[in-house]
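Trainee: Just need the structure, nothing else, for what follows:
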Amino acid sequence: MAEVGDRVTLASAQAAPRVGVVMAVTGSMVRIRWDTGGESSMVPGPGVLSVLPAAAPDKRAPARRAPTAKKKAPVGKKKAPVVRKKAAAAAPPAATAEPAPDAAPPEADKNQPKAKKHKKSKGKKAKRS
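Mentor: Alright, predicted model coming up:
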């Protein structure tokens, strides 16, 4: 019987053999993660699941990577320096005296548009057809 971590192959009469790694074994139930990325849980019949021999460890030293050339900074356009605006000088605080009760209210600037008032709808909206 296969154990967790074993590489196995599944023989099939209808399709090509599949190869994967045993992820879990519970009684006779085996969960396999296939090399294609899928995962299956099954109770294999006799002669269907075969354990592949463990691959011999590679005794060669790992290949060394060739040194890469350092990239130079691009020459050409330079970014313009960022110019920050100075904060405007603070105006002196206005006098807090209240106007006389009989004084006329200040006139609004005639060049400024009047603010529109929005009506609040009451009740349900009418259905459009």
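Trainee: For A54, which non-adjacent residue is spatially closest?
Mentor: Nearest non-adjacent residue to A54, counting by C-beta to C-beta, 6 or more residues apart in numbering: R7, 7.6 Å away. For every residue, glycine as well, the C-beta is placed using N, CA and C.
Trainee: Kindly report the same for A2.
Mentor: Nearest to A2 is V22, by C-beta to C-beta, 6+ apart, at 4.8 Å.
Trainee: Tell me the spacing between that neighbour and T68.
Mentor: From V22 across to T68, the span is 40 Å (C-beta to C-beta, to the nearest Å).
Trainee: which one of those two has more residues nearby?
Mentor: V22 (19 against 6; other C-beta atoms under 10 Å).
Trainee: show me the contacts for S12.
Mentor: R18, V48 (C-beta atoms under 8 Å, 6 or more residues apart in numbering).
Trainee: With D35 as the reference, measure out to it.
Mentor: Taking C-beta to C-beta, one finds S12 at 15 Å from D35.
Trainee: ditto for V4
Mentor: In terms of C-beta to C-beta, V4 sits 17 Å off from D35.
Trainee: Check A13 too.
Mentor: 20 Å.
Trainee: higher neighbour count, these two?
Mentor: D35 (10 against 5).
Trainee: Let me see the confidence value for the more buried one.
Mentor: D35 carries a pLDDT value of 92.
Trainee: Skipping its backbone neighbours, what lies nearest it in space?
Mentor: V19 (5.2 Å).
Trainee: I figured the one you found hits W34, correct?
Mentor: Yes. If you go by C-beta atoms under 8 Å, V19 and W34 touch, sitting 7.2 Å apart.
Trainee: partners of the helix or strand bottoming out on mean pLDDT in the chain, with directions?
Mentor: In the chain, no helix or strand scores lower on mean pLDDT, DSSP states H and E than strand 49-51, which sits at a mean of 91. The pairing partners recorded for strand 49-51 under DSSP bridges are strand 7-10 (antiparallel).
Trainee: Mind listing what's buried along the strand it pairs with?
Mentor: With burial defined by 16 or more other C-beta atoms under 10 Å, the residues of strand 7-10 counted as buried are R7, V8, L10.
Trainee: now what about it, what contacts it?
Mentor: By C-beta under 8 Å, 6+ apart, strand 7-10 touches 2, 17-22, 30, 32, 44, 48-52, 54.
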